[in-house]
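1. what would the 3D arrangement of this be:
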Amino acid sequence: MRQTCRSGLTEAALDPLESIARHDRALAACNALIDKGGLAGDALAAALLDRADLLAPGTGAIYTRALADYARAIALAPTLAVAFWKRGKAHLFYMRDLPRALSDLDTAIRLDPAQAEFLVTRASIQASLGEADKALADLDRAVALAPGLEKARTVRGLTYFNRGDTARAIADFSEAIRLAPESDANYRFRAAARHAAKDEDGARADEAKAEELSARDAGKPAGVTRP
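-> Okay, here's the model as predicted:
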């Protein structure tokens, strides 16, 4: 049941109906663990965090339930850095509450400063708040801690691009592509940067590669569109 609870947090299935079914199975398993599983302490906190992550993308009462689960988990494990990171990401969804997101990430990083993922998340918040210099400082730290973390390169590339530094943006997107060659998003980002740099041939090549990868993921030949 524990594994089923966590399974809803893995990569979503391509079939939307299967994604919904997987989410519902995971949520039911989490509910059973929390309400009837006799869990306590760190084990209960972990299950609460899993359920909160399943609920966090929702709105209204669903989002309120997610926040309640994060709060319970933090009360049970107040020094668990990942709990603050997860709640901060929930606040970041749809730009719902950037100041609270930043506060949670500050706490997560204070508790565990060696986690590159935390730094990348805080950098995303800082960039959204118009604090590009702080974001780049966090991203530089993240890259130093985890040179193979593709997300750090992608977010840093976007931050450079948004401040008009296309050369550094292209360099970061290129490294992100090397680290994750099957991701179409980084080709699209590099295409935009190459357009800005007046490299139209390079931009078109990146756009074609992004379309190819996207079509492959969708299970249809590149260039084929539905009527």
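2. can we go C-alpha only for contacts and neighbour counts from here?
-> OK.
3. ok, Thr4 to Ala90 distance?
-> In this view, Thr4 and Ala90 are 22 Å apart by Cα to Cα, to the nearest Å.
4. now Glu211
-> Glu211 sits at a distance of 30 Å from Ala90 (criterion: Cα to Cα).
5. what stretches of this structure score poorly on pLDDT?
-> By pLDDT under 70, the low-scoring segments of the chain are 8-14, 219-227.
6. sorry, back to before: what about Glu211 and Ala90, which has more around it?
-> Ala90 (26 against 19; other Cα atoms under 10 Å).
7. which elements pack onto the helix or strand harbouring Trp85?
-> Element membership for Trp85 (DSSP states H and E) is helix 81-92. The elements that helix 81-92 packs onto, with contact taken as 3 or more Cα pairs under 8 Å, 6 or more residues apart in numbering; DSSP states H and E, are helix 41-55, helix 61-76, helix 98-111, helix 116-128.
8. C-alpha coordinates for that helix, PDB please?
-> Extracted in PDB, the C-alpha atoms of helix 81-92 (Å, rounded to 0.1, in the frame of the first residue of the first chain):
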ATOM      1  CA  ALA A  81      13.900  20.000   5.100                       C
ATOM      2  CA  VAL A  82      12.100  18.200   2.300                       C
ATOM      3  CA  ALA A  83       8.700  19.000   3.900                       C
ATOM      4  CA  PHE A  84       9.400  22.700   3.600                       C
ATOM      5  CA  TRP A  85      10.600  22.200   0.000                       C
ATOM      6  CA  LYS A  86       7.500  20.400  -1.000                       C
ATOM      7  CA  ARG A  87       5.200  23.000   0.600                       C
ATOM      8  CA  GLY A  88       7.100  25.700  -1.000                       C
ATOM      9  CA  LYS A  89       6.600  24.100  -4.400                       C
ATOM     10  CA  ALA A  90       2.900  23.900  -3.700                       C
ATOM     11  CA  HIS A  91       2.800  27.600  -3.000                       C
ATOM     12  CA  LEU A  92       4.700  28.100  -6.300                       C
END
